[in-house]
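Peer 1: Make a model of this:
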Amino acid sequence: MSRNLQLGIESNWNLQYSDSFPAVSYLNDSAGKPIYQRITEINIPVVFDKPIIAVSVNTTVPVGKIWNYAGYLRRSLTTGLGASFVGEPESLFLGKFNLIFFSDLNTNYFLSLQVPKWFINANIAIYQYEGIDTTTLEDDVQAIKTSLGI
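Peer 2: Down below sits the predicted model:
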């Protein structure tokens, strides 16, 4: 059974969260260059309710460096026992839209993101897919209903 999605239509995506996080400089090394404190885990203050999201992480890459890794994303939900992580952390690519499909759960969830310790800033955008999300099973049931005149 496959899913019918319209991922290529821009209007099917809604920006849910966008923000920038600078690392704090607290000392200079012997050469006078700033030493940065690691950007702590970022808890996204938005409730998500769809299983498909796209996450973009960007940062300032030093001249001569090639960085591809942008950290990881974790999903959590609130249970009767408190907040609980769900599933494995999702690795993210830098400078790309990371398309993430979560298992369908009939519950809202939250996200947290941890960027690598060497980032001195992080720009984050998270979009939620709001378009058509059906399976071929639903299409087959509808075709049977139509054939039967239901």
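Peer 1: contacts, neighbours, all on C-alpha from now
Peer 2: Will do.
Peer 1: Sketch out the low-pLDDT regions of the chain for me.
Peer 2: 1, 6, 82, 104-105, 138-139 (pLDDT under 70).
Peer 1: Now do the strands in it.
Peer 2: 3-5, 13-22, 25-28, 34-36, 42-48, 52-58, 69-79, 82-93, 97-101, 109-114, 121-129, 133-135 (DSSP state E).
Peer 1: Save those strands as TSV, and put in mean neighbour count too.
Peer 2: Formatted as TSV, the strands of the chain follow (neighbours: other CA atoms under 10 Å):
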stretch	mean neighbour count
strand 3-5	14
strand 13-22	14
strand 25-28	11
strand 34-36	15
strand 42-48	14
strand 52-58	20
strand 69-79	16
strand 82-93	14
strand 97-101	15
strand 109-114	19
strand 121-129	19
strand 133-135	13
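Peer 1: Nearest to residue 141 among those strands would be which one?
Peer 2: strand 133-135 (10.2 Å; CA to CA).
Peer 1: just checking, what packs against the closest one?
Peer 2: strand 3-5 (3 or more CA pairs under 8 Å, 6 or more residues apart in numbering; DSSP states H and E).
Peer 1: before we move on, back to that, how about the strands of the chain in a markdown table, adding distance to residue 150?
Peer 2: Output for those, formatted as a markdown table (distance: least, CA to CA, whole Å):
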| stretch | distance to residue 150 |
| --- | --- |
| strand 3-5 | 23 |
| strand 13-22 | 33 |
| strand 25-28 | 67 |
| strand 34-36 | 65 |
| strand 42-48 | 35 |
| strand 52-58 | 32 |
| strand 69-79 | 39 |
| strand 82-93 | 40 |
| strand 97-101 | 33 |
| strand 109-114 | 36 |
| strand 121-129 | 31 |
| strand 133-135 | 20 |
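Peer 1: What distance do you get for the residue most central in space within the chain to residue 93?
Peer 2: Central residue of the chain (CA atoms, centre = their mean): residue 55, 3.8 Å from the mean position. Distance of residue 55 to residue 93, given as CA to CA, to the nearest Å: 9 Å.
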